[in-house]
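*Asks:* attaching a predicted model along with its sequence, questions to come.
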Amino acid sequence: MSDSPIQDELTGHEYDGITEYDNPIPGWWSWMFFGGIVFAVLYYMAYQLGTAGTSVAQAYDNAVTANLKLQFEEIGILTPDEPTILTYMQEENWVLFGQKTFEGNCVSCHGKEGVGLVGPNLTDDHYKNVKRLGDVATVIQKGAANGAMPAWQNRLHPNEIVMVSAYVASLRGQNKPGPRGEEGSVIDPWPAAPTE
């Protein structure tokens, strides 16, 4: 090897008569490269493994729920009785609203899918404090089991109680397995939906 300064700057590789200089990658390029890797890891953790509400689907569901709250003005104050609950069980958007309200308030006791944790499984035909459809709203409003099921009438809007009741009633018959066994007794089926 020659002691020439130009020879020291070359890598010693020659391909098709082309010699390449031994220049390092610029520092700013290296920082951008490693910064991109760090960003990709953080982005993946936030949007794929992160908390609920960060995904596009969750953001859409939250926007739908916010829009439905605005629609409360159009439907007025609902009475949480059997005919009203039965009517809103047929409205997919309002059942979705009830599901979001359920997920925000009830999952710690009943689980995300209503299979029961501390509270009973809501997906089977066995009920402890419900004999007919209207009783679902009564239990949500006034609570049950000496406070084990809290009263929600001072925390939820009357329309939210109707929508949560419609959602909970729609879970019946799915018979999803849960950590608790069957509780209470089998009750009669819900009445048929009103025809228009």
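*Replies:* Looks like it arrived, so ask away. Numbers count the residues shown, from 1 in each chain.

*Asks:* how about residues contacting the longest strand along the chain?
*Replies:* Assignment by DSSP state E gives strand 10-15 as the longest strand of the chain. Strand 10-15 is contacted from outside by 1, 19-22, using C-beta atoms under 8 Å, 6 or more residues apart in numbering. Any C-beta I mention is one placed from the backbone N, CA and C, and that applies to glycine too.

*Asks:* what mean pLDDT would you report for that strand?
*Replies:* In this model, strand 10-15 has an average pLDDT of 74.

*Asks:* and stretch 185-192, by the same measure?
*Replies:* Averaged across stretch 185-192, the pLDDT comes to 90.

*Asks:* cool, and stretch 36-48?
*Replies:* The predicted model assigns stretch 36-48 a mean pLDDT of 89.

*Asks:* please apply the same query to stretch 147-164.
*Replies:* In this model, stretch 147-164 has a mean pLDDT of 90.

*Asks:* gap between it and the chain center?
*Replies:* Stretch 147-164 sits 19 Å away from the centroid of its parent chain (C-alpha atoms, centre = their mean, to the nearest Å).

*Asks:* do the same with stretch 94-112
*Replies:* Distance of stretch 94-112 from its chain centroid, counting by C-alpha atoms, centre = their mean, is 9 Å.

*Asks:* report the buried residues of the longest helix that the chain contains.
*Replies:* What stands out as the longest helix in the chain, according to DSSP state H, is helix 27-48. Within helix 27-48, no residue qualifies as buried by neighbour count (16 or more other C-beta atoms under 10 Å).

*Asks:* please apply the same query to stretch 131-140.
*Replies:* Across stretch 131-140, burial judged by 16+ other C-beta under 10 Å covers 133-140.

*Asks:* now do stretch 140-149
*Replies:* 140-141, 143-144, 149.

*Asks:* just put those residues in JSON lines and tack on secondary structure and distance to Met163.
*Replies:* Output for the buried residues of stretch 140-149, formatted as JSON lines (DSSP: H, G, I helix; E, B strand; the rest coil; distance: C-beta to C-beta, whole Å):
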{"residue": "Ile140", "secondary structure": "helix", "distance to Met163": "10"}
{"residue": "Gln141", "secondary structure": "helix", "distance to Met163": "13"}
{"residue": "Gly143", "secondary structure": "coil", "distance to Met163": "18"}
{"residue": "Ala144", "secondary structure": "strand", "distance to Met163": "19"}
{"residue": "Met149", "secondary structure": "strand", "distance to Met163": "18"}
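
*Asks:* state the pLDDT value of Ala169.
*Replies:* Per the predicted model, pLDDT is 93 at Ala169.
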